[in-house]
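> A structural model of the following input is requested.
(chains A and B)
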Amino acid sequence: MSSITGVSVADETPSGGRAPLSGDRAGTGRLGDRLFGGAATGAGVTVIALVTLIGLFLLWQAIPALAKNEASFLTSREWVVAGDNPRFGILELLWTTVLSSVIAMAIAVPVGVCVALFITQYAPRWLSRPAANLVDLLAAVPSIIYGLWGLNTFLPVEKPLEAFIQQWLGWFPPFSSTTISGGTIFFIGIVLAIMVLPIVTALSREVFDQTPVTHKEGALALGATKWEMIRTAVLPFGRPGVISAAMLALGRALGETIAVTFIVSTLARGTDWTWSVFNGGETFASRIANNAAEFDTPQKAGAFIAAGLVLFILTFIVNAIARIVIERRKAFSE
Amino acid sequence: MTTTNPTADTAVRSARGTGLGHPARSRAVRDQLARVVMWAAFILAVIPLVWILYTVISKGFSLLLESQWWTNSQRGITSRRVGGGAVHAIQGTLIQAFACAVIAVPIAVMTAIYLVEYGRGKFARWVSFMVDILTGIPSIVAALFIYALWVTTFGLQRVGFSVVLALVLLMIPTVVRSTEEMLKLVPNELREASYALGVPKWKTIVKVVLPTAFSGIVTGILLGLARVMGETAPLLILGPYTKSIATDLFGGLMPTLPTMINQDRNELAQAAAAERVWAAALTLILLVLFLNLAGRLVARFGSVKK
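Reported below is the predicted structural model:
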């Protein structure tokens, strides 16, 4: 069964079905065959066309706004999209997006891998299936609920942790204290980590399960403890899978919209730059979502679409890397 | 000599450890430590799930027990007033999800059929790659694309159907992947037996392969539906909220559960509004979990027979 995380588990099974009959051996060249085959190919073409169109359309709509932009799009922190002299840049959005996703990864990858190891190696037999289902359920919770819960229930509980870190590590610039009383980048990172945890776990679980029994038994026969067996047999075997799982999770974290929109404290215009993770800010997605009502002129919409285009490119690259890592692994295991 | 040389002691112990006896103490400790860490990680992962479910259920269930929640809309009810129901939003969510499935499922299933039954070589690799990219597209980007197409280019209004189109983009990859996997599980012998009887390829796929994989495909569709129902970003951009019942996909505003939650989120200080928000959240969770469970049950009781 496929994972509910939308991760392409199919790619993970090295022995995925033999090649079905094709060409002269199967197709009879009758009208029905040609129609059906054509429809199937057409669907494939549609998918390629969709992705291409998304990229092209965003670019096409963004260019006029970008051409009118009087600030540097990549390095400016301003965001004034209306009027005759629009000045907007993505520096702050990029910083918040990447920083919160990196924090999310720093938490979700180790925990997710440990959970996957727990499910595949440590859990008693009766527990491993329910445990896997429970973690998958986390992925089923709609992201708007994470936003609601994060803002109203989790934030007050998490705030003391932030205060604690600021108090003891405040001398270190990334942890310097700020005056943000709502959701910080650090807090978004934690919520995102919870949201992408099932993705990391689902895919890691899949690869850990495929570790050849001979490798594991070989390690045990040499006197390794269970943990040493995992370190020498399971983890090296699963590494490409874990890397691509992390990449897919990163892609999801970068683009997460509504939970971030709910939680994050937007900064007032002209706030001083700080390196602190306890600052507020907006990600690409939350900036677009927060201003959805402003899309009344093509110029304004174009500016937001330009931000969306950058997000599209970011996730495209991250997902492509995940894909390439999986492909390489397939080449090895075949 | 009463005190032993510590290094010699360790050496002896680790030498003993490499023998057939018990592993050296530090290795055993590390092994136990790893076990504890794994259990802790699992418990850590379950905490948010339980916490979220508890929060939403405890804050939202009381409204769900009232019959007007399931029969009334929010028409004429301000954030300060108690009362009203969610039937308008539930209807909107279901209609949009259904319309989305009607468009997305044929495309997705045919793409999966292409990938498994027809696709060879470079082009098939490209299709597969693009499905992966589509999987990773953030919902807000899909929404922006539809906005650029529907509103800016065609000059149309933001209506329910534009939301549906954005959701289609998000649903296709999920269904393609799960269907593809199910088709791969269908034993080749079945196909060969069918060919041997002179059945053409397309009829083999329609009459033999698809029925064999049917329950798996249904599971994939249900899980895909569960995903799109909880999506909010496209709704923010393309589907503004309204408090009345509206079932027309092509005209006017269309309320949905996520936008209903979003509507009152700034009014959480008002007890009446807060209660409504949590009740709407609980309704949405129930809907999504129901689809998930249904999908899993279908998978368990009707998986591909080997």
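
> B:Y195: neighbour count?
By the criterion of other CB atoms under 10 Å in any protein chain shown, B:Y195 has 17 neighbours. All C-beta atoms are positioned from the backbone trio N, CA, C, and that covers glycine.

> revised request: answer the last question for B:V36.
For B:V36, using other CB under 10 Å, the count is 10.

> so which bits of the helix or strand hosting A:P240 are buried?
Assigned by DSSP states H and E, A:P240 falls within helix A:235-255. Residues of helix A:235-255 classed as buried: A:235, A:237-238, A:240-255 (neighbour count, 16 or more other CB atoms under 10 Å in any protein chain shown).

> of those, which ones also sit close to chain B?
A:248, A:251-252, A:254-255 (CB under 8 Å from any CB of the partner chain).

> and of those residues, the nearest to chain B?
Closest to chain B out of these is A:G255 (2.3 Å), distances taken as CB to the nearest CB.

> where are the low-confidence patches of the stretch 1-150 of chain B?
Counting by pLDDT under 70, the stretch 1-150 of chain B has low-confidence residues at B:1-23.

> can you map out the helices along it?
Assigned by DSSP state H, counting those that start in this stretch, the helices in the stretch 1-150 of chain B fall at B:6-18, B:25-64, B:67-71, B:87-113, B:121-136, B:139-146.

> what's the most buried one of the ones you listed?
Ranked by mean neighbour count under mean count of other CB atoms under 10 Å in any protein chain shown, the helices of the stretch 1-150 of chain B are led by helix B:139-146, which reaches a mean of 30.

> tell me if it is near chain A.
Yes. Helix B:139-146 is in contact with chain A by CB under 8 Å from any CB, via B:139-142, B:144-145.

> can you pull out the helices in the stretch 151-300 of chain A?
All helices of the stretch 151-300 of chain A, identified by DSSP H, counting those that start in this stretch, fall at A:155-169, A:185-209, A:213-221, A:226-229, A:235-255, A:258-263, A:284-290, A:298-333.

> out of those, flag the one nearest B:A34.
helix A:226-229 (3.8 Å; CB to CB).

> pLDDT averaged over the closest one - what is it?
For helix A:226-229, mean pLDDT rounds to 93.

> swap in stretch A:185-201?
Averaging pLDDT along stretch A:185-201 gives 94.

> likewise stretch A:274-282?
For stretch A:274-282, the per-residue pLDDT averages 84.

> same question for stretch A:127-144.
So the average pLDDT for stretch A:127-144 ends up being 89.

> would you mark the buried spots in that stretch?
Counting neighbours by 16+ other CB under 10 Å, one finds that the buried residues in stretch A:127-144 are A:128, A:131-132, A:134-144.

> ok, back up a step: can you redo the helices of the stretch 151-300 of chain A as a markdown table with distance to B:V218?
Formatted as a markdown table, the helices of the stretch 151-300 of chain A follow (distance: least, CB to CB, whole Å):
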| stretch | distance to B:V218 |
| --- | --- |
| helix A:155-169 | 39 |
| helix A:185-209 | 20 |
| helix A:213-221 | 33 |
| helix A:226-229 | 39 |
| helix A:235-255 | 25 |
| helix A:258-263 | 28 |
| helix A:284-290 | 32 |
| helix A:298-333 | 27 |
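
> so which of these gets nearest A:P110?
Here helix A:185-209 is closest among the helices of the stretch 151-300 of chain A (CB to CB), at 9.2 Å.

> that closest one: how far from the chain's middle?
Between the centre of helix A:185-209 and the centre of its chain there are 9 Å (CA atoms, centre = their mean, to the nearest Å).

> so what secondary structure elements neighbour it?
On a contact count with 3 or more CB pairs under 8 Å, 6 or more residues apart in numbering or on different chains; DSSP states H and E, helix A:185-209 meets helix A:91-117, helix A:125-140, helix A:143-149, helix A:155-169, helix A:235-255, helix A:258-263, helix B:25-64.

> what is the orientation angle of the helix or strand harbouring B:S178 with helix B:121-136?
Using DSSP H and E, B:S178 sits in helix B:160-185. Angle of helix B:160-185 versus helix B:121-136, following axes from the mean of the first three to the mean of the last three CA atoms, to 10 degrees, is 130 degrees.

> ok, A:V191 touching A:L151?
No. Judged on CB atoms under 8 Å, A:V191 makes no contact with A:L151 at a distance of 9.2 Å.

> which of those two has more residues huddled nearby?
Ranked by neighbour count (other CB under 10 Å), A:V191 and A:L151 place A:V191 first, with 29 against 20.

> just to revisit the earlier point, please enumerate the shared neighbours of A:V191 and A:L151.
The overlap between the contact sets of A:V191 and A:L151 (CB atoms under 8 Å, 6 or more residues apart in numbering or on different chains) consists of A:I263.

> nearest to chain B within the stretch 101-250 of chain A, name that residue for me.
Closest point on the stretch 101-250 of chain A to chain B, by CB to the nearest CB, is A:P142, at 2.6 Å.

> now do the contacts for that residue.
By CB under 8 Å, 6+ apart, the residues touching A:P142 are B:229-232, B:258, B:284-285, B:288.

> so which bits of the stretch 201-334 of chain A are right by chain B?
A:201, A:223, A:225-228, A:230, A:248, A:251-252, A:254-258, A:261-262, A:284-285, A:288-289, A:292, A:295, A:298, A:301, A:304-305, A:308, A:311-312, A:315-316, A:318-320, A:322-323.

> what residues of stretch A:77-88 count as buried?
Buried residues in stretch A:77-88 (16+ other CB under 10 Å): A:77-79, A:81, A:86-88.

> with those residues in mind, which one is nearest to A:V277?
Within those, distances to A:V277 taken as CB to CB reach their minimum at A:R77, with 17.6 Å.

> wait, that closest one sits on A:E92?
Yes. Counting by CB under 8 Å, A:R77 touches A:E92, with 4.8 Å between them.

> okay, the angle between the helix holding A:P240 and helix A:185-209?
140 degrees.

> and helix A:235-255, average pLDDT?
Across helix A:235-255, pLDDT averages out at 90.

> from the chain's centroid, how far away is that helix?
Counting by CA atoms, centre = their mean, helix A:235-255 comes out at 9 Å from the chain centroid.

> and the angle from it to helix B:139-146?
Angle, helix A:235-255 to helix B:139-146, by the same axes, to 10 degrees: 50 degrees.
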